[in-house]
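**Student:** no sequence on this one, just coordinates:
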C-alpha cells in the first residue's frame with residue numbers, strides 16, 4: 001500500500017508542471033462535453049424507452065400498472081441509473097483519449113525527468129497502446145451493459161462502475177506506463193506480478209470520477225499514477241535482479257600453476 005500512496009503523491013507533484021497539466025485536463029473536458037451533449041439530446045427517449053422495457057417484464061409490468069407510487073419510484077431509479085451510466089461513459093471516453101494520446105506524451109516527459117536512470121527498452125508501441133486501449137474499452141462497455149439490470153438495486157449503480165473502471169485502469173494504463181522503458185518480457189511479468197496492486201490503484205483512481213471537478217482530470221491522473229507506480233516497480237525489479245544475477249555468477253576457474 002505504501003507504494004500506491006507514493007505513486008499518488010508523485011502524480012500530484014507532477015501536476016505542477018505546465019507541460020503535464022495541459023494533458024491532464026483536455027481529455028476529461030472533451031469527453032464530458034461530448035456526453036453531456038448526447039445526454040441532453042437523448043434524455044427523453046432514453047428514460048421513456050427504459051421504462052417501457054421494464055414494464056414489459058412479465059413479473060414487473062402488472063405490479064407497476066397496479067401502483068402509481070411504485071411506478072414513480074421505478075422511474076426515479078431509472079433516471080438516477082441513466083445519470084450514473086454517463087459517469088463511466090465519460091470516464092471510458094476520456095481514458096481512451098488519455099491512453100492513446102495524452103499518456104504517451106506525459107510518459108516521455110516524466111521518464112526524462114524522474115526516471116532517467118531507467119534504460120528504455122521499448123517493449124511496447126503507440127499502435128499497441130491504441131489497440132490495447134480500444135480492446136479494454138470494448139470489454140469495459142460489455143461488462144457495463146451486463147451489469148445494467150442490477151443497477152435498479154440501490155447501491156449497485158455505484159459499486160459496479162467503480163469495480164469496472166478499476167479494471168479498465170489497470171488494463172489500459174498498465175500497458176502504457178511500461179511500453180517505453182520495459183522490454184516485452186518485463187511488460188508481461190510486471191503486469192502479472194502487480195495485478196492486485198494495480199487493481200487497488202485503479203479502483204482508488206476510479207472513485208475520483210464521482211467527485212465534481214476532479215472527475216475532469218481523473219482518467220489522466222490515474223494514468224500518471226500508473227506511470228509512477230510501475231516505473232518505480234520496474235526500477236526495483238531491475239535492481240533486485242541485477243544483484244541476484246551478480247551474486248549467482250560463479251567465479252572463473254583458476255588456471256593451474258606451472259610446476260617448475
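**Tutor:** Nice, thanks for sending it over. Bear in mind the structure is a predicted one, so any value in this text is a computation, not a measurement.
**Student:** Return the distance of the longest helix seen in the chain from the chain's centre.
**Tutor:** Ranked by residue count under DSSP state H, the longest helix found in the chain is helix 18-55. Centroid separation between helix 18-55 and its chain, computed with C-alpha atoms, centre = their mean, to the nearest Å, is 18 Å.
**Student:** Show me what counts as buried in the helix or strand harbouring residue 133.
**Tutor:** Assigned by DSSP states H and E, residue 133 falls within helix 126-147. Across helix 126-147, burial judged by 16 or more other C-beta atoms under 10 Å covers 129, 130, 132, 133, 136, 137, 140, 143, 144, 147. In short, each C-beta sits where N, CA and C put it, glycine included.
**Student:** which one of those residues sits closest to residue 107?
**Tutor:** Proximity of the buried residues of helix 126-147 to residue 107 (C-beta to C-beta) peaks at residue 129, which lies at 9.7 Å.
**Student:** The residue lying closest to that closest one once chain neighbours are set aside: neighbour count?
**Tutor:** Nearest residue to residue 129 in three dimensions, chain neighbours excluded: residue 176, at 5.2 Å (C-beta to C-beta, 6 or more residues apart in numbering). Here the number of neighbours of residue 176 (other C-beta atoms under 10 Å) works out to 27.
**Student:** Residue 176: what secondary structure?
**Tutor:** The local conformation at residue 176, judged by DSSP: H, G, I helix; E, B strand; the rest coil, is helix.
**Student:** so what's it scoring on pLDDT?
**Tutor:** Note on residue 176: pLDDT of 90.
**Student:** ok, now the one 5 residues further on?
**Tutor:** With respect to pLDDT, residue 181 scores 93.
**Student:** ok, now how distant is residue 159 from residue 190?
**Tutor:** Per C-beta to C-beta, to the nearest Å, residue 159 is found 28 Å from residue 190.
**Student:** swap that for residue 84, sorry
**Tutor:** Between residue 84 and residue 190 the computed distance is 33 Å (C-beta to C-beta).
**Student:** Between these two, which is the more surrounded one?
**Tutor:** Using other C-beta under 10 Å as the criterion, residue 84 and residue 190 rank with residue 190 on top: 21 against 17.
**Student:** Output the contacting helices and strands for the one helix or strand that one maps to.
**Tutor:** Residue 190 belongs to helix 184-193 when assigned by DSSP H and E. Contacts defined by 3 or more C-beta pairs under 8 Å, 6 or more residues apart in numbering; DSSP states H and E place helix 184-193 against helix 156-178, helix 218-248.
**Student:** which ones are touching residue 1?
**Tutor:** When contacts are counted by C-beta atoms under 8 Å, 6 or more residues apart in numbering, residue 1 touches residue 200.
**Student:** follow-up on the earlier one: which of the helices and strands packed on helix 184-193 has the lowest mean pLDDT?
**Tutor:** helix 218-248 (a mean of 79).
**Student:** Remind me what it packs against, helices and strands.
**Tutor:** The contact analysis (3+ C-beta pairs under 8 Å, 6+ apart) places helix 218-248 against helix 2-14, helix 18-55, helix 68-97, helix 103-114, helix 156-178, helix 184-193, helix 195-206.
**Student:** Of all the ones you listed, which one is nearest residue 226?
**Tutor:** Among the helices and strands packed on helix 218-248, helix 156-178 comes nearest to residue 226, with 3.9 Å by C-beta to C-beta.
**Student:** hey, which of the helices and strands packed on helix 218-248 is tucked in deepest?
**Tutor:** With neighbours taken as mean count of other C-beta atoms under 10 Å, those reach their highest mean count in helix 156-178, at a mean of 23.
**Student:** Quick check: residue 162 touching residue 204?
**Tutor:** No - in this structure, residue 162 is not within contact of residue 204 by C-beta atoms under 8 Å, at 9.5 Å.
**Student:** Would you mind listing where the stretch 1-150 of the chain has pLDDT under the threshold?
**Tutor:** Scanning the stretch 1-150 of the chain for pLDDT under 70 picks out the ranges 55-71, 74.
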